[in-house]
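> using only what follows, build the 3D model:
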Amino acid sequence: MNPLLRAYRATGADQPGGDPLLAHGVAMEGYFWRFTDVARARSVIALIGVNQGPRGPWATLGLAAWPGSHLAIAAREGAYADPVRVHAASGDAFDGDDRRVLVDLGPDARLDVRLHDLVRWPRRRWGGSSIFHSVPALNQYWHPWLLGGRATGTVSMDGETWSLDGAQVYAEKNWGKEGFPEAWWWGQAQGFEEPAACVAFAGGLVHAGPLRTTVTALVVRLPDGHVLRLGDPVVSPVETHVTDTTWTLRGRGFGWRVRVDAYAPLADAHVLPVPLPSRHRNTAGALEHLGGALSIRVERRGRLVWQGDTTLAGLEHGGLDRAEDELRRRAVASGATGAPPAKQSDR
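You can find the predicted model right below:
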C-alpha cells in the first residue's frame, strides 16, 4: 500500500472500491458476530473492540445469549486487528475471523463456533456506510460484511451449554476515531420464513470537523439474494424514530420503499459496554435486545416485493447517559448498591 493511501486509511476512510474490513489503525476497530438459532428460538452475540489507548492496545470483549440475561463482559490488555484480512484477537480470550469465532471469558462464558456457507457483502463501490466511507476522520463507520451463513458449534454460559448447529450467521465491523457516537441506534434481523432474508441498520450522530449530521443506513437482503441499501441523505434517505423500546424506519430511493417496525420491552435489554479508548476503559453504553419483534415491508415502484416478520431481532439504542441510567434503575429495583447486572472481568 502506498504511503498516501495508508495515511488516508489511517483517518478511518476508504477509497471507492476499497476493502473496509481491513484494519485502519484508528482508535477503535469493532467486530461483531450474531447467531440466530431459529429452530430453538435463541440468539447469541460475540464482540470485540480493538482499542488504542494511552498504555497501548486493549480490548473490549462481550458474549451474550438469549433467552435469559446471560451476559459476560471484559476489558483485556493486548489486542490485534488484522490489516490484511477480517480478523481480531485478544490473547486467549477472543479470536474471530470469517471461519471461526472463539471466546473464553471464564468457565461460564465460552463460545466455539465455525462458520460455513457464507453470504458476503456483494462487491460494490462502497460498503454499508456508502459515500461516508470516503469522508476522513468520522467518529463512526459501519459495514455489515456477512449477510448470511451457517454455524456449527456451542455456547456455554451460566452453567448451560447450547448447540448452535444450523444457526444463521451475521457479522459486521464498525470503527472510528474515538469509540462510539454520542447517540446511536442499530438493528439486525434474520429468522424470517425465508432463510435467505437479512435486515440490518445502523444510525446516529456522525461528525468530522464542522460536518455534523444524523444518518441511518438500512441494508436488506431480499429472499432472492438481491441486496438493497438505503441511507444516502439526498438520494435515498431513511427517516428514523427510535425510543428505548421501539424502532421505526421509513426508507425510500431508486424506486424502492422500505418500512421497518420493531419492538422490544426495556426489561429484557442487556446493558453492553462501549470503549472509551483514550481513557483506557469501558463504560455502560448500549441497551441491547437479542429477541425483539421486527416486521418489514419492501415495495418497488408501488408493488409489494417482500414482507416478513421475526421475533429474533437484535435491537439497540445507544448513549452513555441512557445506559448508565438503566443500570442505576435496575440496581435500585433489585435493592443493590449500584453494581451492574453482568459478570465483568479484567482478566
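> now do the helices in the stretch 101-250 of the chain.
Read by DSSP state H, counting those that start in this stretch, the stretch 101-250 of the chain holds no helices at all.
> give the contact list for Q140.
Shown in contact with Q140 (Cβ atoms under 8 Å, 6 or more residues apart in numbering): 174-176, 180-181, 184, 204, 206. To be clear about C-beta, it is placed using only N, CA and C from the backbone, and glycine gets the same treatment.
> dihedrals phi and psi, it?
phi -160, psi 140 (degrees, to the nearest 10).
> roughly how far does it sit from P181?
5 Å (Cβ to Cβ, to the nearest Å).
> common neighbours of those two, please.
With Cβ under 8 Å, 6+ apart as the test, Q140 and P181 both reach 204, 206.
> now do the end-to-end distance for stretch 160-168.
Distance between the two ends of stretch 160-168: 20 Å, counting by Cα to Cα, to the nearest Å.
> any low-confidence regions in the chain?
Applying pLDDT under 70 to the chain flags the ranges 320, 322, 336-347.
> same thing but at 50, please
Applying pLDDT under 50 to the chain picks out residues 338-343, 345-347.
> what number of residues lie near V84?
Counted with other Cβ atoms under 10 Å, the neighbours of V84 add up to 10.
> from the contact counts, what lies against the longest helix seen in the chain?
Ordering each helix of the chain by length in residues (DSSP state H) puts helix 320-334 first. Under the contact definition 3 or more Cβ pairs under 8 Å, 6 or more residues apart in numbering; DSSP states H and E, helix 320-334 sits against strand 270-276, strand 281-300.
> and the angle from it to strand 270-276?
Going by axes from the mean of the first three to the mean of the last three Cα atoms, to 10 degrees, helix 320-334 is angled at 140 degrees with respect to strand 270-276.
> centre of the chain to helix 320-334, how far?
22 Å (Cα atoms, centre = their mean, to the nearest Å).
> what's the most buried one of the helices and strands packed on helix 320-334?
strand 270-276 (a mean of 23; mean count of other Cβ atoms under 10 Å).
> so what touches that strand?
Taking Cβ under 8 Å, 6+ apart as the rule, strand 270-276 contacts 28, 47, 49, 51, 60, 62, 64, 66, 69, 71, 73, 75, 179-180, 281-290, 316, 318, 320, 323, 326-327, 330, 340-342.
> if we can go back for a sec, need the helices and strands packed on helix 320-334 in TSV (columns: distance to T213).
Supplementary listing: the helices and strands packed on helix 320-334 in TSV, determined by distance: least, Cβ to Cβ, whole Å:
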stretch	distance to T213
strand 270-276	21
strand 281-300	21
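> to H116, which of those strands lies closest?
strand 281-300 (22.2 Å; Cβ to Cβ).
> parallel or antiparallel, which strands does that closest one pair with?
According to DSSP bridges, strand 281-300 forms sheet pairs with strand 256-263 (antiparallel), strand 270-276 (antiparallel), strand 303-318 (antiparallel).
> looking at those, which is buried most?
strand 270-276 (a mean of 23).
> check which residues of stretch 70-81 are buried.
Neighbour counts over stretch 70-81 (16 or more other Cβ atoms under 10 Å) mark 70-76, 79-81 as buried.
> list just the nearest of these to G56.
Distances from G56 to these, taken by Cβ to Cβ, are shortest for A79, at 9.1 Å.
> distance of the closest one from N282?
In terms of Cβ to Cβ, A79 sits 13 Å off from N282.
> hang on, the earlier thing: the helices and strands packed on helix 320-334: which one's closest to F254?
Taking the helices and strands packed on helix 320-334 one by one with Cβ to Cβ, strand 281-300 is closest: 9.2 Å.
> just the CA trace of that closest one, in CSV.
C-alpha atoms of strand 281-300 as CSV (Å, rounded to 0.1, in the frame of the first residue of the first chain):
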residue,chain,number,x,y,z
ARG,A,281,-11.6,1.7,30.0
ASN,A,282,-15.1,0.5,29.1
THR,A,283,-18.3,2.1,30.2
ALA,A,284,-22.0,1.1,30.0
GLY,A,285,-23.2,2.4,26.6
ALA,A,286,-25.9,0.4,24.9
LEU,A,287,-29.3,-1.2,25.6
GLU,A,288,-29.2,-4.3,23.5
HIS,A,289,-32.1,-6.6,22.9
LEU,A,290,-31.4,-10.1,21.5
GLY,A,291,-35.0,-11.3,20.9
GLY,A,292,-37.1,-8.3,19.6
ALA,A,293,-40.0,-8.4,17.2
LEU,A,294,-39.4,-6.9,13.8
SER,A,295,-41.6,-6.6,10.7
ILE,A,296,-40.5,-5.3,7.3
ARG,A,297,-42.3,-4.4,4.1
VAL,A,298,-40.4,-3.7,0.8
GLU,A,299,-42.0,-2.2,-2.3
ARG,A,300,-40.6,-1.5,-5.7
